[in-house]
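J.: Provided below are the primary sequence and the corresponding predicted coordinates.
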Amino acid sequence: MKIARRTFVGMAGASIAAPSLALANGRKFLANDHGARGDGKTLDTKAIQAAIDAAAKVGGTVSFRPGTYRTGSIFVKSGVTFEVPKGVRILGSTSLADYPEMPTRAADIEMSWPSALINVYRQDNVRIVGDGIIDGDGKTFWDSYWALRRQYEPRGIRWAADFDCRRPRLVQIFRANNVEFSGPRLHRAGFWTIHICYSDHVRVSDILISNNEGGRGPSTDAIDIDSSSNVLVERADISCNDDALCLKSGRGVDGFRVGRPSQDVIIRDCVVRDAHAGVTLGSGTTGGFHNITFDNIDIHYPTPVGILMKSAPGRGGVISNINYSRIRMHAVPVVMRILPNWYPAYSSVTIPPEISPVPDYWKLLAAQVPREKGMVKITDVHLRDIRATDARTGFEVEAFPEVPAERFTFDDVYMDVQTAGFIRNARDWRFTGSQIDSVDGKPVELGNTSGFAGLGK
């Protein structure tokens, strides 16, 4: 396999050598020739995997005749192009038994978790392409989550529901290098849609993600970039029911042990139509985020928050050199929210004494981090050419008093809001050519801030 790379340059001058993979061997392997039926009923997992295994021996392409292919987890191997052509739907099994558990990171800690529907697991030089559909058929898994959460909330263990309810992701790229994912439409993920974890040189482009068909799938993040480097995401059209474009890097004791940041990432030319937040850093911040660019992102209502940074006591980490440019928000209620004490009912773990035995991953979640180590530090954040219209609030910013959010710059930022909001525990923020028009006429409320310049109405 021949690998060529194109270089993409972000706002701060950082470049990403994103993979562009061209196969030297043009052999095509049809899953149908290995026994896949494509009738939407027969479980075609073994046949599809057999085609992948055959293609891996020569660096070939796996493809399909038109049809609906019901399958459990499949594993794309090094050197393979996995093609989902137009007229093909890869449809996930609704039985959890068809997704074998494997070591991974799930919801910010390392643990055993069901494999995704499509996996690039410890493989290199892989392409997943095509104009077809990858459909998780996730409602069974959504319903199982809500059922467990209804049991857990009265017991004070709401935080455990996300870990105890095992649900398959749609696509996982794990400990992989040189991966291209381009073209398919992605529907109804049982859990996160695309999870890029511990990987390097990954490109995701020209995809549509729709997770709100037949209900609103809980925790159906669109794209999670998790302790990975040199990642390019471009031209994604997103409707989901959690974070849309999100970076993660672990949490707490486990995150400090891994100690791997997400860095050198460019996300650009995307549309967020429906999500819990448009562009997100966190809540797993422990490994840190460095040299991240969000450029030309269009965010629409009913998404409640445009730009979100979230963490929790005990997660810590450093967020630095973050660049936002050409962000457009349309009736998004909150323009920018920075919340290092996010969602205590989920983030704060207390194990009731009557529960026994206690799973090891519960103990890991409950392990304490010293306060001074566990406060996230946010510094050197740059916003340029931002437009937010018909918003409710401009700022909801409250960093830790001991670790203020520092060195933010705002250049050509305009907000049309009901109220300007508040900024607390911050220093050295600079506004140039920027304006906040608030209906109530009040300026931004400042608390424990210093070094602010150019912030008018």
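T.: Everything's here; your move.

J.: next one: the helix or strand containing Arg273 to chain centre, how far?
T.: Using DSSP states H and E, Arg273 maps to strand 262-274. Relative to its parent chain, strand 262-274 has a centroid offset of 9 Å by C-alpha atoms, centre = their mean, to the nearest Å.

J.: backbone phi and psi for Asp221, please?
T.: phi -50, psi 150 (degrees, to the nearest 10).

J.: What number of residues are in the vicinity of it?
T.: Using other C-beta atoms under 10 Å as the criterion, Asp221 is surrounded by 28 other residues. C-betas here are computed from N, CA, C, even on glycine.

J.: Tell me if I'm right that it and Leu245 touch.
T.: No - at 9.1 Å, Asp221 and Leu245 do not qualify as touching, with contact defined as C-beta atoms under 8 Å.

J.: returning to that earlier point: could you list every helix and strand that the strand holding Arg273 packs against?
T.: strand 15-22, strand 223-226, strand 229-239, strand 243-248, strand 277-281, strand 289-300 (3 or more C-beta pairs under 8 Å, 6 or more residues apart in numbering; DSSP states H and E).

J.: can you put these in a markdown table and add mean neighbour count?
T.: Shown next, in a markdown table, are the helices and strands packed on strand 262-274 (neighbours: other C-beta atoms under 10 Å):
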| stretch | mean neighbour count |
| --- | --- |
| strand 15-22 | 18 |
| strand 223-226 | 26 |
| strand 229-239 | 22 |
| strand 243-248 | 29 |
| strand 277-281 | 26 |
| strand 289-300 | 22 |
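
J.: Mind checking these for the one nearest to Gln151?
T.: In terms of C-beta to C-beta, the element of those nearest to Gln151 is strand 243-248, at 25.2 Å.

J.: and the closest one, which strands flank it?
T.: Paired strands of strand 243-248, with direction, are strand 223-226 (parallel), strand 277-281 (parallel) (DSSP bridges).

J.: which residue is nearest the middle of this structure?
T.: For the chain, the residue nearest the mean C-alpha position is Asp224 (1.9 Å; C-alpha atoms, centre = their mean).

J.: who does that residue bridge with?
T.: Residues in beta-bridge contact with Asp224 (DSSP bridges): His195, Cys246.

J.: Would you quantify the distance from it to Asp242?
T.: From Asp224 over to Asp242 the distance is 9 Å, taken as C-beta to C-beta, to the nearest Å.

J.: ok, now Pro218?
T.: Using C-beta to C-beta, Pro218 is found at 7 Å from Asp242.

J.: And for Ile319?
T.: Ile319 is 20 Å from Asp242, by C-beta to C-beta.

J.: Convert the C-alpha atoms of the strand holding Arg273 to CSV, please.
T.: Extracted in CSV, the C-alpha atoms of strand 262-274 (Å, rounded to 0.1, in the frame of the first residue of the first chain):
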residue,chain,number,x,y,z
SER,A,262,-5.4,15.2,22.3
GLN,A,263,-3.3,17.5,20.1
ASP,A,264,-2.8,18.8,16.6
VAL,A,265,-6.4,18.5,15.6
ILE,A,266,-8.3,20.5,12.9
ILE,A,267,-12.1,20.4,12.7
ARG,A,268,-13.5,22.5,9.9
ASP,A,269,-16.4,23.1,7.4
CYS,A,270,-19.0,21.3,9.5
VAL,A,271,-22.7,21.8,10.3
VAL,A,272,-24.3,21.0,13.7
ARG,A,273,-28.1,20.9,13.3
ASP,A,274,-29.0,19.3,16.6
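
J.: That one: partners in the sheet, and parallel or antiparallel?
T.: Using DSSP bridges, the strands paired with strand 262-274 are strand 229-239 (parallel), strand 289-300 (parallel).

J.: what comes into contact with the shortest one?
T.: Residues outside strand 229-239 that contact it (C-beta atoms under 8 Å, 6 or more residues apart in numbering): 8, 16-18, 196, 199-212, 222-223, 225, 244-245, 261-275.

J.: Tell me the gap between that strand and the middle of its chain.
T.: Distance of strand 229-239 from the chain centroid (C-alpha atoms, centre = their mean) equals 10 Å.

J.: Restricting to C-alpha, output that strand in PDB.
T.: C-alpha atoms of strand 229-239 as PDB (Å, rounded to 0.1, in the frame of the first residue of the first chain):
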ATOM      1  CA  SER A 229      -3.000  13.400  17.500                       C
ATOM      2  CA  ASN A 230      -2.900  14.700  13.900                       C
ATOM      3  CA  VAL A 231      -6.600  14.400  13.300                       C
ATOM      4  CA  LEU A 232      -8.500  16.200  10.600                       C
ATOM      5  CA  VAL A 233     -12.400  16.300  10.500                       C
ATOM      6  CA  GLU A 234     -14.000  18.100   7.700                       C
ATOM      7  CA  ARG A 235     -17.400  18.400   6.100                       C
ATOM      8  CA  ALA A 236     -19.500  16.600   8.600                       C
ATOM      9  CA  ASP A 237     -23.300  17.200   8.900                       C
ATOM     10  CA  ILE A 238     -24.500  16.300  12.400                       C
ATOM     11  CA  SER A 239     -27.700  15.600  14.300                       C
END
